Every structure is written in structure tokens, then in C-alpha cells.
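# when you get a sec, could you give me coordinates for this:
(one chain, ligands or ions: 1)
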Amino acid sequence: MPTWVLHTEFKFDAAHFIDGYDGKCGRMHGHTYKVHIKAKSHKLNPSKYLKTPDMVCDFKELKWAASDSKKGGLDHSVLNEEIPVATTAERIAEYIHKETKNRIPADIDLHVTVWETETSWVEYTDQDV
Ligand SMILES: [Zn+2]
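Below is the predicted model of the structure:
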């Protein structure tokens, strides 16, 4: 079966604290988060910017979180004010996955990887890996 796999990466800067954490991560601090999104599809779709079905989805839609938090993204935000769950890397990845799914056509498998530091990252998908 034909298969396309899109990959994109971006970074955003944000402050956060982990509510209830017994240690320094419980205090406000910042990270430059790196995000990798993999989008797999067996068919091509039109997008908001291209009427013909020639894309898995628009890269712009995958990168929404990189934009300014005043314009709907997560850059230069306090994550605790943007995300309705704990701001662990695990929950941030799940949140970006859910919000990205809402912006792209159905039937695209998404894998979201979030690096909180250069040496610590988490991968999230909504199905068995
Ligand atoms: Zn942190």
C-alpha cells in the first residue's frame, strides 16, 4: 500500500513548573523544547492552502505549536496557563498530539516526540508502537 511519512521539527521556548513535584522541577523554570512530528498516511489530501489532494497535510499545521503563544502557539508561554493538564514532557507530547490531530485530515497516524533537554525526551502516539 502506498505510504507517505512526513517529518518536521521545531523548537519553542516556554516556562513551566510541575505542580505537586517534590523538588526543583516544582519551581518555575524554562526550557527550549524541541518537537519532532511524524505524520504517516496511505493517501494524500487537499489542505487549507492547496485545493488538490497532493499532501499528507500542510507542514504549517504540524508546526502550530512553534508560533507565538499570543497567536495560538506555545512559544514564549507559561505552559501551566496553556495546557489543562500537568506539564510533564509526557503530557506536553500528548497535548501537542491531540491539538495537532484537530488541525489535520483524519486517518493520519501521528507520532510526537518532545525533548525537554538535549538528553531527555518522550515519544507519544495514540496506538501501539
Ligand atoms: Zn522543566
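
# centre-most residue in this protein?
Closest to where the C-alpha atoms of the chain average out (Cα atoms, centre = their mean) is Ile96, at 3.4 Å.

# what's the distance between that one and Asp22?
Using Cβ to Cβ, to the nearest Å, we find Ile96 at a distance of 26 Å from Asp22. Backbone N, C-alpha and C define where each C-beta goes, glycine included.

# in stretch 1-18, what counts as buried?
If you call a residue buried by 16 or more other Cβ atoms under 10 Å, then stretch 1-18 has these buried ones: 6, 10, 12, 14, 16-18.

# strands along the chain, start to end?
Taking DSSP state E, the strands of the chain run over residues 4-16, 29-41, 77-78, 109-117, 120-124.

# which one of the ones you listed lies closest to Ala66?
strand 4-16 (3.9 Å; Cβ to Cβ).

# what about the protein, any weak spots by pLDDT?
Judged against pLDDT under 70, the low-scoring parts of the chain cover residues 129.

# now do the buried residues in the longest helix seen in the chain.
Scanning the chain for the longest helix, with DSSP state H as the assignment, gives helix 89-101. Within helix 89-101, the residues that count as buried by 16+ other Cβ under 10 Å are 89, 91-97, 100.
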